[in-house]
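K.L.:
What shape does this take:
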Amino acid sequence: MVNILIKCDLNIEWVTPTGVTVKQSYISVEDERVVFKINRKRRDIVLKRPILPFKVDNRKSKNSIIPNIIHSLDSAHLNKIVTELNNLNVDVLTIHDCFIINPNNWLILHKTVIDMYIKLYSDESFINKFHQTCLDTIKSKYVIHDE
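P.N.:
Numbering: from 1, shown residues only. Alright, predicted model coming up:
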């Protein structure tokens, strides 16, 4: 399904289990070298400029879809952990994927991490919604004839 979206130059979109909409959009670009002088010294930089009309970078889209989905699910998992700890009145501080918590509450954190992981990955609705979103994206641009 994802390969069809990529081959049709369509962006891939999904909604995480926490309700965040993710849009993967890698546009084909070309390099443009710009030369300038600063204090009489020549400097050159390479700018990435989109190729017009906009076209999806198929290679980049295909190579990044699985890591991007996994990162979005990891983010949803962390969000659910913090939300649950907040509901339990447990103070927590996060830095990226690290937790700072009162040592007296480590068992609560441990149990919450496991419980939220099980809830997240035992629910098939994410993959079903992702599949339906892919179908809807294709149907919005193309007429599909069932045989």
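
K.L.:
Tell me the confidence at the residue located most distally from the centre of the chain?
P.N.:
For the chain, the largest distance from the centre (Cα atoms, centre = their mean) belongs to Arg40, which lies 43.8 Å off. You'll see Arg40 listed with a pLDDT of 85.

K.L.:
Spell out which residues sit in contact with it, please.
P.N.:
Residues in contact with Arg40 (Cβ atoms under 8 Å, 6 or more residues apart in numbering): none are found. C-beta: built from backbone N, CA, C; applies to glycine.

K.L.:
do you know how far Glu84 is from Phe99?
P.N.:
Separation of Glu84 from Phe99 (Cβ to Cβ, to the nearest Å): 12 Å.

K.L.:
just Val20 next, same as before
P.N.:
Noted for Val20: a distance of 20 Å to Phe99, by Cβ to Cβ.

K.L.:
So which of the two has more stuff around it?
P.N.:
Neighbour tally, Val20 and Phe99, criterion other Cβ atoms under 10 Å: the higher count belongs to Phe99, 17 against 12.

K.L.:
Bridged to that one, which residues?
P.N.:
Here Phe99 sits in beta bridges with Thr94, going by DSSP bridges.

K.L.:
Which neighbouring elements make contact with the lengthiest helix in the chain?
P.N.:
Criterion DSSP state H: the longest helix present in the chain is helix 58-87. With contacts taken as 3 or more Cβ pairs under 8 Å, 6 or more residues apart in numbering; DSSP states H and E, helix 58-87 sits against helix 2-7, strand 12-15, strand 21-24, strand 92-95, helix 106-122.
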